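**Q** Just the structure for this:
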Amino acid sequence: MAHIHSYLTFNGNCKEAMTFYKNCLGGELELQTIGESPLADKMPAQMKDSILHATLTNDKLILMGSDMVGNNGLIKGNAVSLMLDCNSEKETQLFYATLSEDGESTHPLEISFWGALFGGLTDKFGNHWLLHFDKNKK
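**A** Predicted coordinates:
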């Protein structure tokens, strides 16, 4: 079966953002700069430290990112959220607290009408997160 992974685009702060997500969510972070890639000679020198591709892996969680912005620039919207289906209440509360640091709580963690612990936030990089823990499924 195919899997969907979240891929975030940044405008020069991919390394900072992905390091922040690693500190919040744990896991292993791999970063490849443009200067380390075959594209190095084809890109402006000032982009050599920009991130071509980043992957954060923690068990089944895979979050990817890049500083490679298209010609129209980076346009942030609210059409995409990153959904974290957590393994425990404690994990949900920890991820919510760390991801919302310097960001905005848009929906505080609470027991939802369907019986799960649920909440939403926008992190300091402008990305939208939904956190969910269903006690009945674990």
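**Q** separation between the residue of the chain most remote from its centre and residue 14?
**A** Checked against the mean C-alpha position of the chain, the extreme residue using Cα atoms, centre = their mean is residue 41, at a distance of 29.2 Å. Residue 41 sits 21 Å away from residue 14, going by Cβ to Cβ, to the nearest Å. Quick note: C-beta positions are derived from backbone N, CA and C, even for glycine.
**Q** The residue farthest from the centre of the chain belongs to a helix, doesn't it?
**A** Yes: using DSSP: H, G, I helix; E, B strand; the rest coil, the secondary structure at residue 41 is a helix.
**Q** Just the buried positions in stretch 106-114, please.
**A** Within stretch 106-114, the residues that qualify as buried are residue 109, counting by 16 or more other Cβ atoms under 10 Å.
**Q** do the same with stretch 124-138
**A** Using 16+ other Cβ under 10 Å as the test for burial, stretch 124-138 gives 125, 127, 128, 129, 131, 132, 133.
**Q** just these now: which is nearest residue 29?
**A** Comparing these against residue 29 with Cβ to Cβ picks out residue 125 as the nearest, at 15.2 Å.
**Q** sorry, back to before: what is the most widely separated pair among the buried residues of stretch 124-138?
**A** For the buried residues of stretch 124-138, the maximum inter-member distance is 23.4 Å, found between 125 and 133 (Cβ to Cβ).
**Q** any idea how this protein splits into domains?
**A** When the chain is parsed into structural domains using automatic domain parsing, the resulting residue ranges are 6-66, 81-137.
**Q** the strands in this protein, which residues?
**A** In order along the chain, the chain carries the following strands (DSSP state E): 6-9, 28-33, 51-58, 61-66, 81-85, 104-111, 117-122, 128-133.
**Q** So which of these is nearest residue 22?
**A** Minimum separation from residue 22 across those (Cβ to Cβ) falls at strand 28-33, 4.5 Å.
**Q** for that closest one, packing partners?
**A** The criterion is 3 or more Cβ pairs under 8 Å, 6 or more residues apart in numbering; DSSP states H and E, and the helices and strands that strand 28-33 contacts are helix 14-25, strand 51-58.
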